[in-house]
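Asker: Predicted model, plus sequence, below.
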Amino acid sequence: MGILDIEIVKGFMRMCNDGWLQGWHERNGGNLTYRMKEEEVAQCRPFFDPQPREWVNMGVQADNLAGEYFITTGSGKFFRNVEPDPVHSIGIVEINDKGDSWRIVWGLEDGAKPTSEFPSHFMNHSVRKAATNGANRVIYHCHATNVIALTYILPLTDRDFTRALWQSATECPVVFPEGVGVCPWMVPGGADIAMATSELMKTYQAAIWAQHGLFASGPDFDITFGLAHTIEKSAEIYVKVLSMGGGIIRQTITDDDLRAIARDFGVTLNEKFLN
């Protein structure tokens, strides 16, 4: 048995491939990170490098992630290559006791590094860990086609995107009753977009990056991928409705309908998005 036979590593690789099959990861687009449980670190530790690599400062810091371990995709790596070539495409990093630096302990061979969006992932792991009492473990960024398309025509507000998505698919208010956040276009990979997104993720499970993609979180791979998939499917429906109807929507899910869904499914909708 090797590290690639361990369930959490297999699950990480499967999610990468699932995203590739959806068409959300052209070239080296998108990234995925997972905050490991202690028992998962213990399972993987026998396969760690005999000598860990050098510490690298991230430019961001989080006390509540000091000493944690993450599985991460690599910078410039292609999701389509994760399954056939995992040791060059993904890796495991350890966070130092100050919560401001990482070092590679497995994978990312031949000079590869964690995703360039690792600072954004890291800060959002910190926020979602705090917001969920430690339950959140996955941060996923993908180039969801229809979500990106909507950022060219909808006002870039949490309210406009939430209402469009809630009203385009009945399951949406159940899956993300708090709504979605929207971040204006920003240069990817830096501290600015990391901080802006982390502010949104104090409230939301998912944030949309204008003209760029979707940023989703969750406790495990299934829930996180399902969240991203649901948002993208709803965006696809909305795009098709606008295309077929010449921009005219004849009927939709009303605000009273949304409240009825919330009541029957036992969720609390974000009332500021309702009329």
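Answerer: Yep, it's here.
Asker: how much space is there between residue 254 and residue 172?
Answerer: Between residue 254 and residue 172 the computed distance is 14 Å (Cβ to Cβ, to the nearest Å). C-beta coordinates here come from the backbone N, C-alpha and C atoms, glycine included.
Asker: Repeat that for residue 184.
Answerer: Separation of residue 184 from residue 172 (Cβ to Cβ) stands at 23 Å.
Asker: ok, now residue 41?
Answerer: In this structure, residue 41 lies at 35 Å from residue 172, with Cβ to Cβ as the measure.
Asker: cool, residue 33 as well?
Answerer: According to Cβ to Cβ, residue 33 and residue 172 sit 25 Å apart.
Asker: And residue 41 and residue 172? Which one has more around it.
Answerer: With other Cβ atoms under 10 Å as the criterion, residue 41 and residue 172 differ in neighbour count, and residue 172 comes out ahead with 24 against 16.
Asker: isn't the more buried one right next to residue 166, touching?
Answerer: Yes - contact between residue 172 and residue 166 holds when scored by Cβ atoms under 8 Å: they sit 4.9 Å apart.
Asker: okay, and the common contacts of these two?
Answerer: When contacts are counted by Cβ atoms under 8 Å, 6 or more residues apart in numbering, the set common to residue 172 and residue 166 consists of residue 234.
Asker: which residues are contacting the worst-scoring helix or strand of the chain on mean pLDDT?
Answerer: Of all regular secondary-structure elements in the chain, judged by mean pLDDT, DSSP states H and E, the least confident is helix 191-200 with a mean of 87. Outside helix 191-200, the residues that touch it by Cβ under 8 Å, 6+ apart are 59-60, 119-120, 122-124, 126-127, 158, 181-183, 186-187, 207, 209, 215.
Asker: One more pass at 6 Å, please.
Answerer: Contacts with helix 191-200, where a contact means Cβ atoms under 6 Å, 6 or more residues apart in numbering, come from 59, 60, 119, 120, 123, 124, 127, 181, 183, 186, 207, 215.
Asker: got the buried residues for it?
Answerer: Using 16 or more other Cβ atoms under 10 Å as the test for burial, helix 191-200 gives 193, 194, 196, 197, 198, 200.
Asker: and of the residues you listed, the nearest to residue 140?
Answerer: Top of the list for closeness to residue 140, among the buried residues of helix 191-200 and by Cβ to Cβ, is residue 197 at 12.6 Å.
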